[in-house]
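[1] missing the sequence, but the structure's below:
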C-alpha cells in the first residue's frame, strides 16, 4: 500500500533548491578556472612583450655602441686640428 505524503511540495522544493545551488557552485567554479586561465595567458603575453622589448633595446644599444667605436677608430687619422687657426665669425644683422 502506498501512503501519500502531505509534505511532498516541501521535499520537491528542497531537492530543487539543492540542484540549483549545486549548479550555481559548478558555474562559479568553471568561471574561476576560466578567469585564472585568462589571467595566466594575459600575464604571459605581457611578460613576453617586456622581455622581447628588453632584448630588442639591448641589441639596438649594443649595435649603436659598436658603430660609434668603430667609426672613432677609423676617423682618428682624419681629424687634424691646430690651435694656430683662428675662426672668424661675422655677426649678421637684419
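    Great, that's in hand. From a predicted model like this one, the values you see are computed outputs, not experimental measurements. Numbers count the residues shown, from 1 in each chain.

[2] just the element for the residue nearest to the spatial centre of the chain, please.
    Closest to where the C-alpha atoms of the chain average out (C-alpha atoms, centre = their mean) is residue 46, at 1.7 Å. In the assignment (DSSP states H and E), residue 46 maps to helix 8-74.

[3] for the record, mean pLDDT for that helix?
    For helix 8-74, mean pLDDT is 90.

[4] look up how far residue 4 lies from the residue nearest to the centre of the chain.
    64 Å (C-beta to C-beta, to the nearest Å). C-betas here are computed from N, CA, C, even on glycine.

[5] for residue 49, same thing?
    69 Å.

[6] what does residue 24 give?
    From residue 24 to residue 4 the distance is 32 Å (C-beta to C-beta).

[7] same check on residue 51?
    Taken as C-beta to C-beta, the span from residue 51 to residue 4 is 72 Å.
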